[in-house]
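Student: no sequence on this one, just coordinates:
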C-alpha cells in the first residue's frame, strides 16, 4: 500500500488516512495575511477552524504583525448557545467543494452556468464580422468555450485542421472553435451576465449596419472601462495606504493600553489609552470605507465590454433566444417540474445542529441534492424573468416597426404633395 513507501509509516499512511488529511486541510484552511510581506498565505488556525457558518458580516480579523486572530460574535450569544461566524460571500459550489455543505439561502455571488453556440457558420455571411465583434467584447472560445475545446472530439478535429495547412485549415479551425458551446453565468437573482446578453445580441444581428453599430459601441465602451479601471486602481492604492495607517494607529493604541494597565492609578495614561483607542476605531472605520469605495465600481468577474441594445427588434430576438437557452438548460438538468421533495427536505435540515435532531438531519442531508436544487432555482428565476422581458421587448419592437411604417407613409405623402405643388407651379409646356 501507499504506507509502504514511507519508512516508519507502514499501516498509517493509507489511502483512507490521506483522504481524511486532505479533507481536513481543504475544509479547515484559512487565508490570512502573510507574515513575510505583502500578500496572503493559507494556515490552519486551531479552534477557529471549528466554528460553524452562519449568515452575516465578516467579524474575524487577523493581525500579521503579532500573529493573532480576533473573532467577534457580532450578536449576543445566550449561555450555552453556539458561537458562529460568517464564511464570507462564498459561492455555493465553493462551499460544497471545500466545506461539504450548501447554505440554505443562496449568496448574492452564486450563479448557474448555461451554454449557447453560434450555428450555421459555414453559410453565415456575417461570420467574420460576428467574430470581430465578439473578440472586441472579450468573448472568445479560449475564454468561454474551454470545456468544449478540451473534449477529445474537438481536440482531434482541431489537430486535423492544423495539419491541413494555413489556408482552408485555418478556416476550418476557426469554425470549429467558434462553433463550440460557449459557457456563460446566470446570477443568483436570475439576471443573465452581460457577456451572455452581448453574445445573444451578436447572434441575432442580421445586417451589416447592425454589425457596424456593435463595433462602434465596443470601442466607446472599452475606452470608458479603461478609464474606470484606472480610477479603481487609484482608489485601491489609497485604500492600502489608509489600511497601513489604521494598523499603525491600532498598534499605538495597544501600546497605550498596556501602559495604562501597568499604571492603574495614572489618570494621564488612562486618558492617552482612551484617546488612542478612539483613534484606532476611527482609523479602522476609515480603512473599511476606503476598501468599500475601491471595490464599489470594480467588475471583479472579468474585463467585460458590454454590448448595449442595437435595435428594438434585435433586443426582442435576443431575449427570445435567451428563453430558449434557459429552457434547454433546465430540460438538460431535469428541472422542468417542481423542486424534488427529497431536496426540499434536505434543505430544511441544513440549520439543525446539536442533539438527536442534528444526527437525524445529518443522516438524510445530501449537499449535492441541495446544490442541484439551488442551481435549478436560479435557472427557473432566470427563465421567468426572461419571458417577461421578452414580451416587453416584443412590444417595443412592434411599436418601433409601427412608428417607422407611419413615418414612411407620412414621408411618402409629403413627397407626393411637394411634387404636385411643383408641377402646378411649373409653366405649361
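Tutor: That came through, no problem. Everything quoted here is computed from the prediction, not taken from an experiment. Numbering: from 1, shown residues only.

Student: Tell me where this protein has strands.
Tutor: Along the chain, the segments classed as strands by DSSP state E run 30-33, 40-43, 60-63, 68-71, 111-116, 182-187.

Student: Turn the ones you listed into TSV, including mean neighbour count, distance to residue 274 and mean pLDDT.
Tutor: In short, each C-beta sits where N, CA and C put it, glycine included. Formatted as TSV, the strands of the chain follow (neighbours: other Cβ atoms under 10 Å; distance: least, Cβ to Cβ, whole Å; pLDDT from 0 to 100):
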stretch	mean neighbour count	distance to residue 274	mean pLDDT
strand 30-33	16	28	80
strand 40-43	14	33	84
strand 60-63	16	21	78
strand 68-71	13	20	82
strand 111-116	21	47	93
strand 182-187	21	46	94
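
Student: would you list those strands in TSV and tack on distance to residue 212?
Tutor: Formatted as TSV, those follow (distance: least, Cβ to Cβ, whole Å):
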stretch	distance to residue 212
strand 30-33	47
strand 40-43	46
strand 60-63	53
strand 68-71	57
strand 111-116	23
strand 182-187	23
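
Student: lowest-pLDDT helix or strand in this protein?
Tutor: When the helices and strands of the chain are compared on mean pLDDT, DSSP states H and E, helix 341-348 comes out lowest with a mean of 46.

Student: just the helices in the stretch 1-150 of the chain please.
Tutor: Remark: helices assigned in the stretch 1-150 of the chain by DSSP state H, counting those that start in this stretch are 15-28, 92-99, 127-136, 141-144, 146-149.

Student: Minimum distance to residue 400: which of these has it?
Tutor: Taking Cβ to Cβ as the criterion, helix 127-136 is the member of the helices of the stretch 1-150 of the chain that comes nearest to residue 400, at 22.1 Å.

Student: now that closest one against strand 182-187, angle please.
Tutor: 50 degrees (axes from the mean of the first three to the mean of the last three Cα atoms, to 10 degrees).

Student: Does residue 210 touch residue 314 like I think?
Tutor: Yes: in this structure, residue 210 is within contact of residue 314 by Cβ atoms under 8 Å, at 6.4 Å.

Student: Those two: who's more crowded?
Tutor: residue 314 (23 against 19; other Cβ atoms under 10 Å).

Student: Tell me the spacing between that one and residue 397.
Tutor: 8 Å (Cβ to Cβ, to the nearest Å).

Student: Same check on residue 254?
Tutor: The separation that residue 254 has from residue 397, given Cβ to Cβ, amounts to 65 Å.

Student: what does residue 127 give?
Tutor: Applying Cβ to Cβ, the value for residue 127 to residue 397 is 25 Å.

Student: Could you do residue 277 as well?
Tutor: In this structure, residue 277 and residue 397 are 63 Å apart, going by Cβ to Cβ.

Student: ditto for residue 312
Tutor: Distance, residue 312 to residue 397, by Cβ to Cβ: 4 Å.

Student: Ok, residue 89 next?
Tutor: 38 Å.

Student: Looking at these two, which is more packed in?
Tutor: More neighbours surround residue 397 than the other of residue 89 and residue 397, with 17 against 10 (other Cβ under 10 Å).

Student: Does residue 155 touch residue 149 like I think?
Tutor: Yes: Residue 155 is in contact with residue 149 according to Cβ under 8 Å; the separation is 7.1 Å.

Student: ok, these two, which is more surrounded?
Tutor: For residue 155 versus residue 149, neighbours defined as other Cβ under 10 Å are more numerous around residue 149 (16 against 12).

Student: these two touch, right, the more buried one and residue 143?
Tutor: No: contact criterion Cβ under 8 Å: residue 149 and residue 143 do not qualify, at 10.5 Å.

Student: Now for the two: what residues contact both?
Tutor: Common contacts of residue 149 and residue 143, defined by Cβ atoms under 8 Å, 6 or more residues apart in numbering, are absent altogether.

Student: separation between the spatially closest residue to residue 251 that is not a sequence neighbour and residue 254?
Tutor: In space, and not counting its chain neighbours, residue 251 is closest to residue 65: 7.0 Å by Cβ to Cβ, 6 or more residues apart in numbering. With the distance defined as Cβ to Cβ, residue 65 ends up 10 Å from residue 254.

Student: of these two, who's got more company?
Tutor: Set residue 65 next to residue 254 and count neighbours by other Cβ under 10 Å: residue 254 wins out with 16 against 11.

Student: Model confidence for that one, exactly?
Tutor: In this model, residue 254 is scored at 80, pLDDT.

Student: next one: residue 326
Tutor: Residue 326 is assigned 96 on the pLDDT scale.

Student: count of residues packed around it?
Tutor: If you count neighbours by other Cβ under 10 Å, residue 326 ends up with 27.

Student: so residue 43 makes contact with residue 30?
Tutor: Yes: between residue 43 and residue 30 there is a contact under Cβ under 8 Å: 5.8 Å.

Student: Where does the prediction get shaky in the stretch 1-150 of the chain?
Tutor: For the stretch 1-150 of the chain, the stretches with pLDDT under 70 are 1-11, 64.

Student: The same query, at a cut-off of 80, please.
Tutor: Within the stretch 1-150 of the chain, the segments meeting pLDDT under 80 span 1-13, 33-39, 55-58, 61-68, 74, 88-89, 103-107.

Student: gap between residue 327 and residue 386?
Tutor: 9 Å.

Student: Who has more neighbours out of these two?
Tutor: Using other Cβ under 10 Å as the criterion, residue 327 and residue 386 rank with residue 386 on top: 25 against 15.

Student: got the contact list for the more buried one?
Tutor: Contacts of residue 386 (Cβ under 8 Å, 6+ apart): 192, 319, 322, 323, 326.

Student: Name the nearest of those relative to residue 16.
Tutor: Relative to residue 16, the closest of the contacts of residue 386 is residue 326; by Cβ to Cβ it sits at 42.3 Å.

Student: ok, for the closest one, nearest residue in space, not its chain neighbours?
Tutor: With Cβ to Cβ, 6+ apart as the criterion, residue 326 has its nearest non-adjacent residue at 4.3 Å, and that residue is residue 383.

Student: I figured the one you found hits residue 327, correct?
Tutor: Yes: look at residue 383 against residue 327 with Cβ under 8 Å: they come within range, at 6.2 Å.

Student: Let's see the pLDDT reported for the spatially closest residue to residue 382 that is not a sequence neighbour.
Tutor: Counting by Cβ to Cβ, 6+ apart, the nearest residue to residue 382 once its immediate chain neighbours are dropped is residue 190, at 3.9 Å. Per-residue confidence at residue 190 stands at 94 (pLDDT).

Student: Compute the number of surrounding residues for residue 190.
Tutor: Residues within reach of residue 190, counting by other Cβ under 10 Å, total 18.

Student: Nice, that's everything, thank you.
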